[in-house]
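1. What follows is a predicted protein model with its sequence.
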Amino acid sequence: MTSRAGREESRDFALRASATLDEAINGVLREMGGSGNIAQTYLKMIGFGATERFNRTVSAVAGKNYAEQLAGTLRKNPADKSASFQLSRLGLNPATIMERGLSEDDLLKAAQTVTRETQFSPRPQNLPLFLNSPSGKVLFQFKTFVYNQTKLIKNEILQNVKSDPAAASRKILMLVAAAPVVGELGLDAKMLVRNFVAGVLNNDVHVDRPSALVDRIIEDYAAVGSFGIFGDIYQSGKYGERGITNLIAGPTASNLMEAAVATGTGSTKRLETLAKRNTPVLGPLLSGPKKKQPPALY
Amino acid sequence: MPDAKPALTKFRAKFAGSYDDMSDPQLLSALKKKYPGTYDDLTLGNGSQVTATAPAAPEPESSSGPMAPVFGPMAEQFSSGLDTVIEGLSAKKGESALKSGLMAPIRAGQAALGMGQMALTGAAPALRAVENFGMTVAEPFLSGSVQMPNVAAISRNVSRLGNLSGPDRPTTGSPIADTIVEVLVGFLPFERALKLAGLGSKGKILKAVRDESPKSVLAVRDALKVVPEEKIQQAASELKLLPAGPESTLADNAGVMTGQILGQPGGLGPRKIADVTPIEVNRLRPGAPVAGRQPTGLRPQDTAMLSEPMPFQDVARVAARREQQERQFGSVVPQRVFGAQPDPFPVLPRGITGKVQEVERTLDAATPESIKQDLLEISGFRTYQKLDNQFAEEAAKRQSRPAIDTATVEAKAAQHSKHDSALPAQEAALQEQKMPIEISKPQYGMLNRLAKQALPDFDGQDMSYISSRLFGEGRTAPRTIHEFKTAVQFFRDLGQQTGTLDARALALGGDLGPVDPGRMATVGNPSFLRRLYQGIDSRLVSSGHVYLAKQGKPGRQLALTIDQVDSKSGIRAGKAVSELEQVTKRLTPPQLRQVHRALDFGHEAADPAAARAVSVLRQNLDSMWEEFVSLGGEVRHTDGRKLPATLTDGKAYFPHFIKRSYLESKDGYNTALTHLVQTGQAENLGEADRILRSFISRHTVRRFGNMEKAREINLPEQFYETDPVKALKLYFSRGYHRLEEMRHFGRNDEVAIGLVEQIRAEGRDADSAQRIFDSVRGKSNHSEFAENLSGALRSWNVLRSMALSPIINSTQSFQYRFSD
C-alpha cells in the first residue's frame, strides 16, 4: 500500500468491494447529519468524508489480507478449525476455498464483511427499529457508533469464546494493548488542535487531559469505543447532569434542557457557555475549561 | 336506450320493501332526479313494468346442511369471471357512463376488478385456514369466498350504501371489521374512520382482526358515538334507510343501520350496535354455532342482487361520489393493505371529468385480450393459481400419507372428552364475568406443533376429525381455552409427550394444568409481558437483523435474504462504478459531455476515448435493462399503463436524476413549474405543481423510479444531472440494488411477504418483522414534517459539535485489527 500504484490498487479494490461507494459514504454522512445539504457539505469539508473513505479502504484491504492469510493457514492444515470458523464468519465457504482457492469474489466478499463489521454501515437492519425513526435518530444521534461498537465487541469476543477460544484471547489482548495507544494518539491530537486554535483565537479555553493514570487510560479506551456503551456511560458521568441527559435523551434534548435551566436560573455565565458551545463550526473550539490563571505573585 | 328494469329490480332488492309503494316509472323518475347523470340514459321498455320485489322470505330456523362445495379450480373461475367483466366492458363501450366522462376505461376495469378483489379478500381467511387446518376446515371458507356470499355481498352492499367508497376500499380481511369500517367511511374520510375505530394502522387492523373481532366491533361502537349526528342523518335520509328527523338519536341511527347490515340469519338482526356484546359478535364468525342454528348465508334479496353483474351506472356513480368526496375532504387516497397484491387502484387522477376523448381513445385502442392481460396482471390472479397449486399439493400429500390409527384416537378421545363435562358451565360463568375465553394465535400454533409431534403428517382434516370426537359432531377445531387444554392433553397423551411444552405454555401466559377459571383469563389474554418484552427488544435492543433471526426459520431466512441483497448489489455496483471510473478518469470535460450526449440523445461520440467509454457504459446499461426485464420488471405510468418492454431498444438511455439543489431553491422550482405550463405539459401552475410533486415522489419512493416509472414530464436540461460519472454512479448503486431486490424478494416483495406470513403463522412477532422489512426497503411511515424536523436538528448538532470529529474518526481504522 505504500507505492502510488499500490494505493491506487487498494482504492479500486475497496471500491469494487462496495466499501467506498459514494452511496455508502453519503449514507454515513446522512446518518450523522440528516438529509440536509449543509450538514453533509460541512462534514465533507472538515474531512469527515475523507477519513471515512480512508477507514473503509483500510478495512477492505485488511479484510482481503485476512482472508488470504486464513486461506493459507487452511491450505497448510485443512483440519484447522479456527481458520475454518473465521473464514465462515467472513461469509466464505471453507470447503470451496479448499477445493479451488480464493476467487476474486471471495476476496471482495471478505473485504465487504470486514468493512461492514468494523465501520458500521448505517443500514436500517443494523439498528433497532426505534433508532431508525425520526425521533430515534435525534435521541440517539452520535450513539449509533456506540451501539454498533458494543455489538462488535460482543460478536468478536463472546462468539469466539465458544467456537475459537484462542482467537477470543487474541482479540482481548489486542483490545487491551492497542486501544489505549490509539485512543491516546487521537485524543492528544484533538487536544493539541483545540489548544492551538484557542491560541490563535486568543480566547482562554484550555483543554487538559486527565493526569491520573487510571482516568486517562479509561478515557483512551472509551475514545475508540472499547467499552462500547459502558464507556459512554462512564464518560457521561463525568459531565454531570448534562452528560447524563445527553446519554439518555441525546444532544438535542440535553441542549434544550441546559438552555431551560440557564434561563430559569438567570445564569448569564451558563447562557454564555451554551451560546459558545452552540456556535456553528467553532463551537467545540470556543467552549471548554478555562485556562488556569497564574496565581497572583506579590 | 338501455332498459332500466334490471337496475330498478336491483335497487328494490337492495332496499327491500322501502319502495313497494312506488311504481317503476315513479321510481325511475325519482332516481333520475336524485342521481342526475346516473340513470339518465335508462328507459322502461314497453310493458316492462317491474313489480315490486316480494318481501324477504322468513329466515330459516336451522342450517340445511353443509355449505356448498367449491365449484372448480379457483383460477379457472376467476378467469371466467374476468371474461364476463370484459364482455361487459366491450358491450358498454361508449355508453352512458363513459360518455359522461366520469371514468377512464382503466378505471372501469379496476372497478370491475374490485369485485374480484373482494373475492380475493374473502379468500384470505381461507388461505390462512388451509395453512392452519387443511382443506376440510377451509372448504366452507373457500366456498363462501369464491361465490361471494356473506362476506363479499355484505361488504359490497355496504360499499354501495355508504356511497362514498366504491370497490376501491382498503380491507382488513375480516368481514365484520370490514363491514363496520365501511359504515364509518360512509360518513368520514377513511383515515379518520380508522383512527376513530382505533384501527389507525395496518398493524392494528390486522391485529384486531386476528386477535378478536369483538374488540374491533366494540371499538367501532365507541367510535360511532362520536360521528357527527348530522352526517348520519344526512346519509340515512339519502339512503332512505331510516326516517330522518330530530327524534332519531345518533346511537339509534347508527345502531339500526349497522344492525341491518349485520342482519343475517343467526346474526345480530336489526339492533343497536351499542347493545352488541363481544360474545354475540363472536357467533357471527364463520362456522360458529349459535344456539342450535347456524348462519346459512345470504338473504333472498342478497342473492337476487348478486345474480346480476354490477352495472356501469353504479360504477359511474361510485366514481362521481369519489370525486365529490375528494372535493369535500381533500385528497383521500387510501393505502391498501393487500400486502403482496399490487395496488390495483393507483392514485386516481382528480378532475377526470372532461376527459371523454381520452377515455374513448384508450378504449378504442384496447382489445378484450389486452384488457384481460392487464386485469390478470394487476388482480392478484397469481394468488388464485397459487391456491390451486396448494390444494393440489394438499390432496396429493393426503393420498400418499399413512392413515391415522382411528381406533387409538377414538379410545383416547373418549377418555379425554369425559373431562369436558363441567366445561360448558364454567364457560358460561366466564362469559358472565366477561372474561376472555378465546384461544390466541400462538396457542393455535403450539397446538399444531404438538399435534404434529404426536401424529406424523397431521393436518387440518385430522384436526377436524379429532375435534369432532373431542368436542362433538360438527366441531372442527378447539374454540375456547378449555377446549385448547383438552386438546393439548389429548395430543400429549397420544404422543406420550412429557411436559416438554410446559415452558412454552407458561411463556404464552398460562399453564396446562387442570382447568381453573380463575387462571383462564390470563391464559386467554395474549400475555402483556410477552408483548412488552417483544416491543422493547425490537425497538430498542436488538438490531433488525438480530430480531428477525429470532423469529424462527422464516425470520432467519428473511434476515439472510436482506443481507444477501445488500451484499450482492453492493459488489455488483462496486464493480460497475470501478469500471466507470476506469473508462472516464482521463476524460476531459468536453469528452464527458460527448459521453452524455451519446448516451442521452444517441449522438455519435467523435472522440475515440469518449466513444470507448460510451461503448462500455452502454453495454452495462443494456445488460441492466435486460436483467430488469427478465426479472419481470415493468415501466409504468402513473395511471398504471405499462410501457412496452422494447422501450429502450435502440440507442439512447441515460438516467435522468433531478438535481436537488435546483428544486430545493424557490426560483428553480418556479422555473420548473413555468416550463411545464409553457410547454403544454400542464394547464396551469396548480396542475404543474401537482404533476411535479407526484413526479418527484414517484422517483424517490422505495422502488427505483429511474427504472420502473415512465418519464411523464420533461424539464429543461439544467434540472438534470448531466455529468455521466455522477449520474451513473448513482444509477449503478441504486439500480443494482433494485435488481437484487427483485431477484430475492420478488418484484412486489412477494417472497419477503410470504416469509413474514410464515412468521405470523408460527405465532411469532410478524408485525415487527414487517416493520423491519419496511424500514429496510425504505418505506417510511413517518410524516414528512417529522423527517424534516429530525434532519434539521441533527444537522444543527453536526454543525455545532463535529468540527474535530475527523480526528477521532480517523482512529476507527483500528477496528479492523480487532475484527481480524
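-> Structure's in. What do you need?

2. Excluding chain neighbours, give the residue nearest to the residue in the stretch 501-650 of chain B that chain A sits nearest to in space.
-> Nearest residue of the stretch 501-650 of chain B to chain A (CB to the nearest CB) works out as B:Gly570 at 3.2 Å. Placement of C-beta: from N, CA and C, glycine included. Spatial nearest neighbour of B:Gly570, chain neighbours left out: A:Ser18 (3.2 Å); criterion: CB to CB, 6 or more residues apart in numbering or on different chains.

3. residues touching the closest residue to A:Leu127 other than its chain neighbours, list them.
-> Leaving out its chain neighbours, the residue that sits closest to A:Leu127 by CB to CB, 6+ apart is B:Ser543, at 5.6 Å. B:Ser543 makes contact with A:125-128, A:151, according to CB atoms under 8 Å, 6 or more residues apart in numbering or on different chains.

4. among the residues you listed, which are in helices?
-> A:Lys151 (DSSP state H).

5. and B:Leu592, how many neighbours does it have?
-> 17 (other CB atoms under 10 Å in any protein chain shown).

6. again with the one 4 residues further on
-> Applying the criterion other CB under 10 Å, we find 24 residues in the vicinity of B:His596.

7. do you know how far B:His782 is from chain A?
-> Using CB to the nearest CB, to the nearest Å, one gets 5 Å for the distance from B:His782 to chain A.

8. Buried ones in the helix or strand containing A:Gly199, by neighbour count?
-> In the assignment (DSSP states H and E), A:Gly199 maps to helix A:165-201. Residues A:167-168, A:171-172, A:175, A:179-180, A:182-187, A:190-191, A:193-195, A:197-198 are the ones in helix A:165-201 that count as buried (16 or more other CB atoms under 10 Å in any protein chain shown).

9. near chain B, from those?
-> Checking the buried residues of helix A:165-201 against chain B by CB under 8 Å from any CB of the partner chain, the ones in range are A:171, A:175, A:179, A:182-183, A:185-187, A:190, A:193-194.

10. Turn these into CSV, including pLDDT.
-> Formatted as CSV, those follow (pLDDT from 0 to 100):
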residue, pLDDT
A:Lys171, 74
A:Leu175, 72
A:Ala179, 74
A:Val182, 76
A:Gly183, 76
A:Leu185, 79
A:Gly186, 76
A:Leu187, 77
A:Lys190, 76
A:Val193, 78
A:Arg194, 74
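
11. Among these, find me the one that's closest to B:Pro554.
-> Among these, A:Lys171 lies closest to B:Pro554 (CB to CB), at 33.0 Å.

12. In this structure that closest one contacts A:Ile157, no?
-> Yes. Contact criterion CB atoms under 8 Å: A:Lys171 and A:Ile157 qualify, at 5.9 Å.

13. how near is A:Glu258 to A:Thr252?
-> As for A:Glu258, its distance to A:Thr252 is 11 Å (criterion: CB to CB, to the nearest Å).

14. Neighbour count: those two, which is higher?
-> A:Glu258 (20 against 17).

15. Beyond the helix or strand harbouring the more buried one, next helix or strand please.
-> Following DSSP H and E, one finds A:Glu258 within helix A:240-265. Per DSSP H and E, the first helix or strand lying C-terminal to helix A:240-265 is helix A:268-277.

16. Show me what counts as buried in that next one.
-> For helix A:268-277, the neighbour count (16+ other CB under 10 Å) marks A:271, A:273-274, A:276-277 as buried.

17. Which of those sits closest to B:Arg738?
-> The closest of the buried residues of helix A:268-277, once distances to B:Arg738 are taken by CB to CB, is A:Arg277, at 43.1 Å.

18. hang on, the earlier thing: can you give me how far the helix holding A:Gly199 is from the chain middle?
-> 11 Å (CA atoms, centre = their mean, to the nearest Å).

19. Right, I'll call it a day here.
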